[in-house]
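K.L.:
quick one: sequence and predicted model below, then my questions.
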Amino acid sequence: MLQVLQRNRKVKITHLIYKANLSNNSIKPYVEDLLKKNLIEQFFDEEQRYFRITTKGNDFLSEYSKIKIFSESYGL
Amino acid sequence: MIIDDKYMALTLGFGNFYGIDSLVEFLIILVSFFISYYSYKIYKIIDEKNYKFLSLGFLLIGVSFIFKILSNLTIMYRVAIERANFIYVIWTQFQYAEMIQFFSFIFFKTFHLIGFLILFLIVSKTDKKEKVLLFLYLSIIVVLFSIYFNFVFHMTLIFLIMSLTMHFYENYKKIKSKNSLLVFTAFLIMLLSHVLFVISDFNPLFYLVGEMGLLVGFLCLLTNQIYLRNKQKNGNKKNQVRDNKRYAAGFAKKQKS
């Protein structure tokens, strides 16, 4: 989800549902968790609810990619 | 350090080859602690045991080299005895210095072996308690044997590092990345270094080349860490540019409305 939000400037919940391959109800806890952790934020544009990644979310993703490479280099 | 006088002198040696080996080991300690710290940081973020043990493995390897440096230190004092027209010079080691050397060497071997053993257990994905205990028991036996037979210590390490190198080679074949190549090269060089340590009894120069090899191996691991660090910096720059663009787009929209 974070990667989808990183690639796009603003994303509707329907797009997230499609990309995460989850139902409307099952995506809710994940979105709430990300919002609670300040990794993503929601905003309204022309009465439509959108999501976007925060700087903290970007930092997390950047650290995550580093962890992935580190883990791959040691074959963990 | 020399306290000189006509009849007595105190000398502190930093190791073989004018202390070059101790300097090399000091650099290895820094690299080991750095990898250990980074691995622990990952463990704190994603809470996965493998990283905790990887951190512990490198920490023990680093600590083992502290004991190696201690065992390299030799404190000698010279006593000159004058009899008639002759001066007899006797170099003697302090009794406690000998003990420090002896125990430091045992601690070096113990920590070094356990450090590499932990790395081996992680990459071979051995997490069953009975297997871990068996390996630990065998390591203790090896340490006991290696107190008097250096050969046993190096041979055990050769087998451990060989398994690690094979794992990292397989990993490199699968991933085909620069980072995995660096890790594989690092362990391959470490393996060759230990082979040189085994034959260092024939020529002390092999010991120095082996130490240098170890340093090169650990520097490869450090290079791997530096690549990761640079990747993060580049990532942050990209994010910063994108954030600025986003802010500018939002600002332009507000201006229009």
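P.N.:
Great, that's in hand.
K.L.:
now the strands: where do they sit in chain A?
P.N.:
Assignment of strands within chain A using DSSP state E yields the ranges A:11-12, A:40-45, A:48-53.
K.L.:
could you export the ones you listed as JSON lines, including mean neighbour count, distance to residue B:119 and mean pLDDT?
P.N.:
Any C-beta I mention is one placed from the backbone N, CA and C, and that applies to glycine too. As requested, the strands of chain A are exported to JSON lines (neighbours: other C-beta atoms under 10 Å in any protein chain shown; distance: least, C-beta to C-beta, whole Å; pLDDT from 0 to 100):
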{"stretch": "strand A:11-12", "mean neighbour count": "16", "distance to residue B:119": "42", "mean pLDDT": "88"}
{"stretch": "strand A:40-45", "mean neighbour count": "14", "distance to residue B:119": "37", "mean pLDDT": "89"}
{"stretch": "strand A:48-53", "mean neighbour count": "17", "distance to residue B:119": "36", "mean pLDDT": "90"}
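K.L.:
can you lay out those strands as JSON lines showing distance to residue B:136?
P.N.:
As requested, those are arranged in JSON lines below (distance: least, C-beta to C-beta, whole Å):
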{"stretch": "strand A:11-12", "distance to residue B:136": "51"}
{"stretch": "strand A:40-45", "distance to residue B:136": "45"}
{"stretch": "strand A:48-53", "distance to residue B:136": "46"}
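K.L.:
so where is chain A shaky, pLDDT-wise?
P.N.:
Along chain A, segments meeting pLDDT under 70 are nowhere present.
K.L.:
which secondary element of chain B has the worst mean pLDDT?
P.N.:
Taking mean pLDDT, DSSP states H and E as the measure, strand B:2-4 is the helix or strand of chain B with the lowest mean score, a mean of 46.
K.L.:
near chain B, which residues of chain A show up?
P.N.:
Applying the criterion C-beta under 8 Å from any C-beta of the partner chain, the portion of chain A that neighbours chain B consists of A:9, A:52, A:55, A:58-59, A:61-63, A:65-67, A:69-76.
K.L.:
same thing but at 10 Å, please
P.N.:
A:6, A:9-10, A:43, A:45, A:52-55, A:57-67, A:69-76 (C-beta under 10 Å from any C-beta of the partner chain).
K.L.:
low-confidence ranges, the stretch 101-250 of chain B, go.
P.N.:
Residues of the stretch 101-250 of chain B meeting the criterion pLDDT under 70: B:231-250.
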